[in-house]
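Undergrad: Predicted model follows, preceded by the sequence.
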Amino acid sequence: MAIPNRHNLNSTITEKLQMYTDLKEELTRLCQLKTAYILPLVLSTMGIIPNKFNKRLGLFNPHPSVYTQIQKAVILNSCCISRKFMVEQ
């Protein structure tokens, strides 16, 4: 999971895909799977969900509220980090 700023979403997604490619190949081989998918959970600090994530998550037919719950968690976490920073100063 990663929560970058809006301007580096694509680079973070690419980084996560490259990082887990070896694991995907190993799991495919060990578990004798036909296919395996890497689904990097990357949202911006403001809860923006990239189109690539929507397409990949659609493969698993999630409940419609999953998107809202993920966005809510990211925004609350961002607020918590901001609050901690402001309290320390």
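TA: Yep, it's here. Residues are numbered from 1 along each chain as shown.
Undergrad: Poorly predicted segments of the protein, please.
TA: 1-6, 89 (pLDDT under 70).
Undergrad: The residue nearest the centre of it and T12, how far apart?
TA: For the chain, the residue whose C-alpha lies nearest the mean C-alpha position (Cα atoms, centre = their mean) is L41; its distance is 1.2 Å. When Cβ to Cβ, to the nearest Å is the yardstick, L41 and T12 sit 11 Å from each other. Every residue, glycine included, has its C-beta placed from N, CA and C.
Undergrad: which one's the longest helix in this structure?
TA: Among the elements of type helix in the chain, defined by DSSP state H, the one spanning the most residues is helix 65-88.
Undergrad: And that helix, what does it pack against?
TA: The helices and strands touching helix 65-88, judged by 3 or more Cβ pairs under 8 Å, 6 or more residues apart in numbering; DSSP states H and E, are helix 51-58.
Undergrad: from the chain's centre, how far out does the helix it packs on sit?
TA: Centre-to-centre, helix 51-58 and its host chain are 10 Å apart (Cα atoms, centre = their mean, to the nearest Å).
Undergrad: relative to helix 65-88, how tilted is that helix?
TA: With axes from the mean of the first three to the mean of the last three Cα atoms, to 10 degrees defining the directions, helix 51-58 sits at 130 degrees from helix 65-88.
Undergrad: Give me the buried positions along helix 51-58.
TA: Within helix 51-58, the residues scored as buried using 16 or more other Cβ atoms under 10 Å are F53, R56, L57.
Undergrad: Return the member of the residues you listed nearest to Q18.
TA: Using Cβ to Cβ, R56 is the member of these that lies nearest Q18, at 15.5 Å.
Undergrad: count of residues packed around V87?
TA: Neighbouring residues of V87 were enumerated by other Cβ atoms under 10 Å; the total is 7.
Undergrad: Pull up the gap between it and V42, please.
TA: The span separating V87 from V42 equals 28 Å under the rule Cβ to Cβ.
Undergrad: got it, and L59?
TA: Relative to V42, L59 is positioned 16 Å away (Cβ to Cβ).
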